[in-house]
Structures are given as C-alpha cells and as structure tokens.
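*Asks:* What follows is a predicted structure for the sequence shown.
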Amino acid sequence: MTAKIKKMRYALLLIALVFFGYCLWLSIRPVNIIAAHHREYGFSSVLVRNFPFTDKGKIDWWLKNKDMLKEKYDIPKPDKDGSFTVTFWLFGEGYKEGDGYDRLCFNDMPPPLNCIDKDAAFSVSNSKNLGAIFTTYDGKYQLQKNGNIVKFTDEFEFK
C-alpha cells in the first residue's frame with residue numbers, strides 16, 4: 001500500500017511541476033504586437049498576442065513599453081487637449097470580414113479582411129482631470145502623481 005501512495009505522490013508532484021512550468025512559460029513569453037491602428041480624436045487600437053494575464057503584468061508592460069510604442073507606432077496619439085485612449089485587443093484568429101457580427105473594423109485597411117473580434121485585453125486612458133487610468137478585466141486603476149497605482153473608484157456622493 002505504501003508503494004502505491006509513493007507513486008501517487010510522485011505523479012502528483014510531476015503534474016504540479018509541469019503545470020508550474022507551463023504557467024511560467026506563459027508569463028515570460030514576449031508580447032507580440034501585430035498592428036496598430038489610429039482613429040480620430042486620440043483613439044488608437046493595438047492588436048497583440050501573448051499579452052500578460054494579470055492586471056499588474058499589463059500595467060507594468062505598458063509602463064515599460066510606452067516609449068517604444070511612441071517611437072515605433074506613434075502611440076499614443078493625443079487629441080488637441082492631450083487626452084488619449086489606447087486599447088489593446090487580442091488578435092485571436094486574425095483579420096476577418098465585417099459580416100454583420102459585432103466586430104471592430106478598421107477604416108485604414110481595405111475590406112473585406114479589415115475587422116477583428118472584439119476581445120479587449122487592456123486599455124490606457126489619459127485626461128487632464130483624471131490623469132492615467134488603466135482599465136482591465138477586474139477594474140480600473142489610476143496612476144497617482146507620486147507614481148503609485150491605486151484601484152480607481154468612480155463613486156460619487158450626492159449631497
């Protein structure tokens with residue numbers, strides 16, 4: 001009976017190590033930027049693969065790569081008042097036809113293959129009043145003037 005328990009422990013340990021290795025591999029893969037598209041009024045879309053999973057990973061990636069995005073893709077492209085929004089979309093299965101589904105289509109590409117499925121991974125907004133706001137699946141975070149990042153609450157009290 002003890003030999004069977006030992007084999008079970010080794011099997012579970014091996015499964016745990018493989019799972020841990022897979023998660024580690026997923027977390028260190030480089031982000032692959034497929035394309036960048038500019039729209040009017042300070043809005044930009046960046047199509048990506050291998051984007052970080054966690055909120056912290058997404059925000060850290062932006063902070064480390066915002067200068068590279070500006071140099072290479074001219075992103076962000078602020079509006080006249082300095083505000084902008086950059087949305088990072090998961091590229092998924094690639095460009096598709098705009099066949100009536102709820103897809104995001106880009107006017108700077110010729111149809112028919114100029115749309116993607118809407119699968120937003122992350123967005124960064126900047127305005128004079130609020131500063132930098134990071135929007136993720138779990139919520140919104142605000143970059144404070146002192147460099148701290150705090151969970152953003154937009155609750156208002158009525159008096």
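*Replies:* Alright, I've got the coordinates.
*Asks:* mind listing what Thr85 touches?
*Replies:* Applying C-beta atoms under 8 Å, 6 or more residues apart in numbering to Thr85 gives the contacts Gly42, Phe43, Ser44, Pro76, Ser123, Val124, Ser125, Asn126. Just so you know, the C-beta spots here come from the backbone N, C-alpha and C atoms, and that holds for glycine as well.
*Asks:* Which single one of those is nearest to Tyr95?
*Replies:* Checking these against Tyr95 with C-beta to C-beta, the nearest one is Ser44 at 17.3 Å.
*Asks:* just checking, the closest one is part of a strand?
*Replies:* Yes - counting by DSSP: H, G, I helix; E, B strand; the rest coil, Ser44 is part of a strand.
*Asks:* What are the phi and psi values at Leu113?
*Replies:* phi -90, psi 70 (degrees, to the nearest 10).
*Asks:* hang on, it packs against Gly98?
*Replies:* No - look at Leu113 against Gly98 with C-beta atoms under 8 Å: they stay out of range, at 9.1 Å.
*Asks:* Which of those two has more residues huddled nearby?
*Replies:* Gly98 (15 against 12; other C-beta atoms under 10 Å).
*Asks:* What residues of stretch 135-155 count as buried?
*Replies:* Within stretch 135-155, the residues that qualify as buried are Thr135, Thr136, Lys140, Tyr141, Gln142, Leu143, Ile149, counting by 16 or more other C-beta atoms under 10 Å.
*Asks:* ok, so of the contacts of Thr85, who is nearest Lys56?
*Replies:* When those are compared against Lys56 (criterion: C-beta to C-beta), the nearest one is Val124, at 14.4 Å.
*Asks:* May I have the secondary structure class of Gly57?
*Replies:* Gly57 ends up helix, using three-state DSSP.
*Asks:* The nearest residue to Asp108 once chain neighbours are set aside pairs with what?
*Replies:* Leaving aside its sequence neighbours, Asp108 sits nearest to His37 (C-beta to C-beta, 6 or more residues apart in numbering; 5.8 Å). In this entry, His37 is beta-bridged to Ser45, by DSSP bridges.
*Asks:* Provide a list of residue ranges in the protein with pLDDT below threshold.
*Replies:* Flagging of the chain using pLDDT under 70 yields the residue ranges 1, 23, 25-28, 100, 153-159.
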